[in-house]
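>>> Based on what follows, work out the 3D shape:
(one chain, ligands or ions: 1)
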Amino acid sequence: MAARSRLIDLASIPTVAQLYRTKKLLPAESIDSAFPASQHLNDSIALILNDITKLDIDCIVNAANNSLLGGGGVDGAIHRAAGPQLVEECSELDGCDTGDAKITKAYELPCKNVIHTVGPIYWDRSQRQRQDSSQPETLLRSCYRTSMELAMQHGLKTIAFPAISTGVYGYPIDLAARAVTQEVRQFLETHAGVPNALHKVIFCNFEPRDMNVYAQMFTQFLPPTPEDLRIADQSAGPGVTNGI
Ligand code: ADP
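Model (predicted):
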């Protein structure tokens, strides 16, 4: 817990390339050729287990609700850490549609801005049934894409996402991680080299078990480059089985 209470700077957040090179992430036995290895992607995407409010980067994403007036989970943690001015600014934004995103200042948080997005409700707890949303994956992908677009529009270079919709909104973590890893990959490929391109997209998990799910998705959708493998070969130790 002590480790989670200090601020985390960008240099302390391992990229996919660094995870392969230190053998914290081991390559899949068979690599899907539909997702070729890319150094640019492996250097641009990062993964950490931490409280997102401690990240000292350009912006963090909040898994908000449609009112934007605060809630539980990561939303509550962000509002508590930012202080009361955040809800004051949010109250002037007229809410947010599911799949869309809005930006505010970050007040007492170490980052510069907060991007508030609203994920789809996958499982309605009160009615104990699958939510009647026809396209949860489309909406979830839209949360990530719209947040990254907004960050670029504001000249922000580093962005961290919590696992949106996978808490109270009930989206299964494996389905969510599969969709959003692909969405981020696609976004960074499409925007490579453009002015204002993002430098780092960080997946920030809070639950240790979610790390293993992301690790599995990375081996599938972000395979190691020959250079990642060469450096991993030189590093000591047998490596661990994706026990990030
Ligand atoms: P949603 O309503 O979108 O499901 P939740 O806040 O309930 O949002 O959960 C989304 C994810 O955020 C979950 O994986 C939860 O473990 C994670 N989470 C909760 N608190 C934090 C935090 N302080 N930092 C990062 N992630 C967090």
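
>>> Spell out which residues of the protein are next to the ligand.
51-53, 63, 73-75, 77, 119, 162-169, 204, 206-207 (Cβ under 6 Å from any ligand atom). From N, CA and C alone the C-beta is placed, and that goes for glycine too.

>>> quick one: the strands in this structure?
8-9, 45-49, 55-56, 59-64, 101-105, 113-118, 123-124, 129-130, 158-161, 200-205 (DSSP state E).

>>> now the first one, how far from the centre of its chain.
The chain centre lies 15 Å from the centre of strand 8-9; the measure is Cα atoms, centre = their mean, to the nearest Å.

>>> what does the third one give?
Its chain's C-alpha centre lies 13 Å from the corresponding centre of strand 55-56 when counted by Cα atoms, centre = their mean.

>>> For it, which outside residues touch it?
Strand 55-56 is touched from outside by 7-10, 13, 48, 110-111, 160, 202, 204, with contacts defined as Cβ atoms under 8 Å, 6 or more residues apart in numbering.

>>> right, and out of those residues, which lies closest to the ligand?
Compare each of the contacts of strand 55-56 with the ligand using Cβ to the nearest ligand atom and the shortest gap goes to Cys204, at 5.3 Å.

>>> Output the below-cut-off pLDDT ranges for the chain.
1-5, 31-33, 124-134, 237-244 (pLDDT under 70).

>>> again, 50 this time
For the chain, residues meeting the criterion pLDDT under 50 lie at 1-4.

>>> Of the contacts of strand 55-56, select the buried ones using a ChimeraX command.
To isolate the buried members of those in ChimeraX, using 16 or more other Cβ atoms under 10 Å:
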select :8,10,13,48,111,160,202,204
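
>>> right, and Val184 touches Val201 too?
Yes - using Cβ atoms under 8 Å, Val184 is in contact with Val201, at 5.2 Å.

>>> Which of those two has more residues huddled nearby?
Neighbour count, other Cβ atoms under 10 Å: between Val184 and Val201, Val184 has more, with 25 against 22.

>>> Report the contact partners of the more buried one.
Residues touching Val184, when contacts are defined by Cβ under 8 Å, 6+ apart, comprise 45, 144, 148, 201.
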